[in-house]
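Student: okay, predicted coordinates and the sequence, questions at the end:
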Amino acid sequence: MPGHKSLYGPQGTGVLLCGKDVPVRTLLEGGTGSISIQQEMPDFLPDRLEAGTHNMPGIAGLLAGVRFVRQLGPEAICAGERQLTFQAAEGLRRLPGLQVFALPDLAAQAGVLSIVPEHMDAEALGAALADRGIAVRAGLHCAPLAHRTAGTLDTGTVRLSFSHLNTREEVSRFLVAMGEILR
């Protein structure tokens, strides 16, 4: 799983969970520090999957992120993200010319919301928001099958991702910017 999403770690970090006796093929081999004399990777975990020098700053950042999540609690973080998502979805539904991908009550939705502008390219909307200091992601989001299912493979979407660090004021500012752009 990626470390930079719900774990609040730096980009380029992640977690791989695997059983001790599950055979996992390595993608990269060499440079292990545990048995440097060997040309082959060790046959024991975790060393067998750890080629090269560890990204210690990334690992420390991921650890800090995990501690942050554990301190606040995933439920509290999710509840706050869901409130911001609901605020954004309700505001976006009032704007003309948008398709909003959100469940009606957002009960089973995390802090991610996608939209498609009807009269504007998703990438152009993303750029217009960036010009106003609002970071979103436009395009296919590394998920072409999800876009095929949603019917957005040709257009992509603009994706909003909320975190515990976002505020209701930021969502309000985003909604004002969206209104201006769509006018």
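Tutor: Received it, and whenever you're ready, just let me know what you need. Residues are numbered from 1 along each chain as shown.

Student: which elements pack onto the lowest-mean-pLDDT helix or strand in the chain?
Tutor: The weakest-scoring helix or strand in the chain, judged by mean pLDDT, DSSP states H and E, is helix 144-150 (a mean of 92). Packed against helix 144-150, as judged by 3 or more C-beta pairs under 8 Å, 6 or more residues apart in numbering; DSSP states H and E, are no other helices or strands. All C-beta spots, glycine's among them, are computed from the backbone N, C-alpha and C.

Student: report the mean confidence score over the following helix or strand past it.
Tutor: As assigned by DSSP states H and E, the chain's next helix or strand after helix 144-150 is strand 157-161. Strand 157-161 shows a mean pLDDT of 96.

Student: give me the residues contacting strand 157-161.
Tutor: With contacts defined as C-beta atoms under 8 Å, 6 or more residues apart in numbering, strand 157-161 is touched by 5, 85, 88, 101, 111-117, 122, 125-126, 129, 136-139, 141, 147, 150, 174.

Student: could you tell me which of those are located in helices?
Tutor: 85, 88, 122, 125-126, 129, 147, 150, 174 (DSSP state H).

Student: the most far-flung residue of the chain relative to its centre and Ala102, how far apart?
Tutor: Here the chain reaches farthest from its C-alpha mean at Ile37, the gap being 40.0 Å by C-alpha atoms, centre = their mean. Per C-beta to C-beta, to the nearest Å, Ile37 is found 57 Å from Ala102.

Student: and if you look at Ala150?
Tutor: In terms of C-beta to C-beta, Ala150 sits 12 Å off from Ala102.

Student: equivalent analysis for Ala124, please.
Tutor: Applying C-beta to C-beta to Ala124 and Ala102 gives a distance of 22 Å.

Student: the two: which has the busier surroundings?
Tutor: Ala102 (18 against 13; other C-beta atoms under 10 Å).

Student: okay, the nearest residue to that one once chain neighbours are set aside: pLDDT?
Tutor: Spatial nearest neighbour of Ala102, excluding adjacent residues (C-beta to C-beta, 6 or more residues apart in numbering): Ala89 at 4.1 Å. Ala89 carries a pLDDT value of 96.

Student: what count of nearby residues applies to Ala89?
Tutor: 21.

Student: ok, now the one 10 residues further on?
Tutor: Applying the criterion other C-beta under 10 Å, we find 15 residues in the vicinity of Gln99.

Student: quick check: it touching Leu113?
Tutor: No - assessed by C-beta atoms under 8 Å, Gln99 is found out of contact with Leu113, at 11.6 Å.
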